[in-house]
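>>> Mind folding the following:
(chains A, B and C)
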Amino acid sequence: MEHLKLNQIIWQVVAMIPEGKVATYGQIARICGYPGHARYVGTTLKQLPDDSDLPWHRVINAKGEIAFPVGSDGYQRQRKLLENEGVQFKQNKIKLLDYRWE
DNA sequence: GTTGTGACTACCA
DNA sequence: ATGGTAGCCACAA
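Sure, this is the predicted structure:
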C-alpha cells in the first residue's frame, strides 16, 4: 500500500480494526507507515460519507476518549456504536488497556 | 510560495 | 487527575 493516497491507506487500515476493539489516531497513522499524521487521520475520517461501511467509530484519541465534544451528536452516535459492540465506557473514557487493538 | 486549519499527542506545571 | 502548550503535517485556499 505504498503509492496510494494517504487517505486510502487510512481507510484500509481502519477497515482492519476488529469488532469490539479500538485504535487511536496516532496508532492508525503509525500502522499506515506515516507516524506523526494522527491529525490527518481525523481529517480523513471527517470526510467519510454517513453511509460508509467503514468502522470509523473504532478510532479514538490517545486518552481513550471519543474525539467529539461530550454530548455532541457525533459523540453520541459513536458511543452507541461502540457500546453495541461491547466496548464499555468509564464515564467518558474507554479503557485502552482492555480494548486497544493489537 | 505562504497561511490557516484540524475527529491529534507528548510533555510539563 | 487536569489544563495549557508547543510540536505535528497533509491539505485546501
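>>> Quick one: neighbours of the closest residue to DNA strand B within chain A, just the number.
Residue nearest to DNA strand B within chain A: residue A:42 (2.5 Å; Cβ to the nearest atom of the strand). Bear in mind the C-beta positions are built from the backbone N, C-alpha and C, glycine included. Residue A:42 has 17 neighbours, counted by other Cβ atoms under 10 Å.
>>> which residue sits closest to residue A:62, ignoring its sequence neighbours?
residue A:24 (4.9 Å; Cβ to Cβ, 6 or more residues apart in numbering).
>>> Low-confidence bits of chain A, can you list those?
A:1-4 (pLDDT under 70).
>>> 50 instead, please
Low-confidence segments of chain A (pLDDT under 50): A:2.
>>> related to what we said a few turns ago, could you tell me how far the residue nearest to residue A:62 is located from DNA strand C?
According to Cβ to the nearest atom of the strand, to the nearest Å, residue A:24 and DNA strand C sit 13 Å apart.
>>> Tell me which residues are up against the helix or strand hosting residue A:82.
Assigned by DSSP states H and E, residue A:82 belongs to helix A:73-84. For helix A:73-84, contacts defined as Cβ atoms under 8 Å, 6 or more residues apart in numbering pick out A:22, A:56, A:57, A:58, A:66, A:68, A:69, A:89, A:94.
>>> Would you confirm that the fourth one contacts residue A:23?
Yes: with contact taken as Cβ atoms under 8 Å, residue A:58 and residue A:23 are classed as touching, separated by 6.3 Å.
>>> Leaving out the residues flanking it, which one is nearest to residue A:55?
Residue A:55's closest residue in space is residue A:17 (Cβ to Cβ, 6+ apart), at 5.6 Å.
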